[in-house]
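K.L.:
After the sequence you'll find the predicted model.
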Amino acid sequence: MIPFLILLAIALFAVYFFTAMYPKKGVVTTVTPIDPAWLIEHVLFYSELDADNRKRFEQKLSAFLTKVRITGVDTPVSDTDRLLIGAAAIIPIFHFDNWEYPNLREVLLYSDSINMDFETKGHADRNILGMVGTGPLEGSLLLSKHALQQGFLNQTDKNNTAIHEFVHLIDKLDGETDGIPELLLNKPFVLPWINLMHEKIQQIAEGESDINPYATMNKAEFFAVASEYFFERPDLLAEKHPKLYAMLKGMFGGD
Ligand SMILES: [Zn+2]
């Protein structure tokens, strides 16, 4: 009986010791200051919001950065990187209430594009700017720091890699990354959405579209690429692709 109690005491002490030593997974200890002036200058989406909505954006951004760990793999992570990642996460879900990314624990930041073996410099086959982790990397989002920054340096070119990857995460929530985000689409809209995607992919393939040809890869890529366009150039999308604009607005909300 006595040895058992001693063992129990040791076990309890060990649990206490390791809990105190290591912070809980998913709880981020770094606090990133959120500076409205910085956001106005660097995040066009934020700068176009009214005062109340800017506050909402800041709250969502702060909640995201508290919940999701951001780790630099071969590069340090600055406050700028953290704010840009957070902004890319919040832009697509800004109009949803109480939204979290349940399928995301950690963002892994690489200095530049990576190849299929997650290698950066010195490898010629690096063509991945961002990627939703699968298998052992489930719950992670991989991002090139260079692509992250480019996405926000040029905010009118219809490209933003980080937003693209967060849209894949939203798409994936129903179990499949297939371009059909069932959580955002009411049943009657599923078939019209699939038909519209086919029509638009066809137009791109025939060279009759200003949508990035990467969208012809498959429906998941079409959805992510069209969403980049929607968040960066909503007016232009509404003008050139009114049906696509209306469907995306139905899914993501906003004016
Ligand atoms: Zn993609």
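P.N.:
That came through fine.
K.L.:
Which parts of the stretch 101-250 of the chain are helices?
P.N.:
Remark: helices assigned in the stretch 101-250 of the chain by DSSP state H, counting those that start in this stretch are 145-153, 161-172, 187-205, 219-232, 234-240, 242-252.
K.L.:
residue contacts, the residue nearest the centre of the chain?
P.N.:
Residue closest to the mean C-alpha point of the chain, counted by CA atoms, centre = their mean, is Phe166 at 2.2 Å. With contact taken as CB atoms under 8 Å, 6 or more residues apart in numbering, Phe166 is in contact with 88-89, 91-93, 101, 141. (Each C-beta comes from the backbone N, C-alpha and C, glycine too.)
K.L.:
How about Phe94?
P.N.:
45, 53, 56-57, 60, 253-254 are the contacts of Phe94 under CB under 8 Å, 6+ apart.
K.L.:
try 7 Å
P.N.:
Taking CB atoms under 7 Å, 6 or more residues apart in numbering as the contact definition, Phe94 lies against 57, 60.
K.L.:
Please report phi then psi for it.
P.N.:
Phi and psi for Phe94, reported as degrees, to the nearest 10, are phi -60, psi -40.
K.L.:
how close does it sit to the ion?
P.N.:
20 Å (CB to the ion, to the nearest Å).
K.L.:
can you pull the pLDDT of the residue in the stretch 1-150 of the chain positioned nearest to the ion?
P.N.:
Per CB to the ion, Gly130 is where the stretch 1-150 of the chain lies closest to the ion, at 7.2 Å. With respect to pLDDT, Gly130 scores 85.
K.L.:
Then Thr30?
P.N.:
Reported pLDDT for Thr30: 61.
K.L.:
same question, the one 5 residues further on
P.N.:
Per-residue pLDDT puts Asp35 at 92.
K.L.:
so where is the stretch 51-200 of the chain shaky, pLDDT-wise?
P.N.:
122-124 (pLDDT under 70).
K.L.:
What segments of it are strands?
P.N.:
Along the stretch 51-200 of the chain, counting by DSSP state E, counting those that start in this stretch, strands occupy 69-72, 106-110, 130-132, 140-144.
K.L.:
Can you redo the ones you listed as a markdown table, where the extra columns are mean neighbour count?
P.N.:
Formatted as a markdown table, the strands of the stretch 51-200 of the chain follow (neighbours: other CB atoms under 10 Å):
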| stretch | mean neighbour count |
| --- | --- |
| strand 69-72 | 16 |
| strand 106-110 | 23 |
| strand 130-132 | 22 |
| strand 140-144 | 24 |
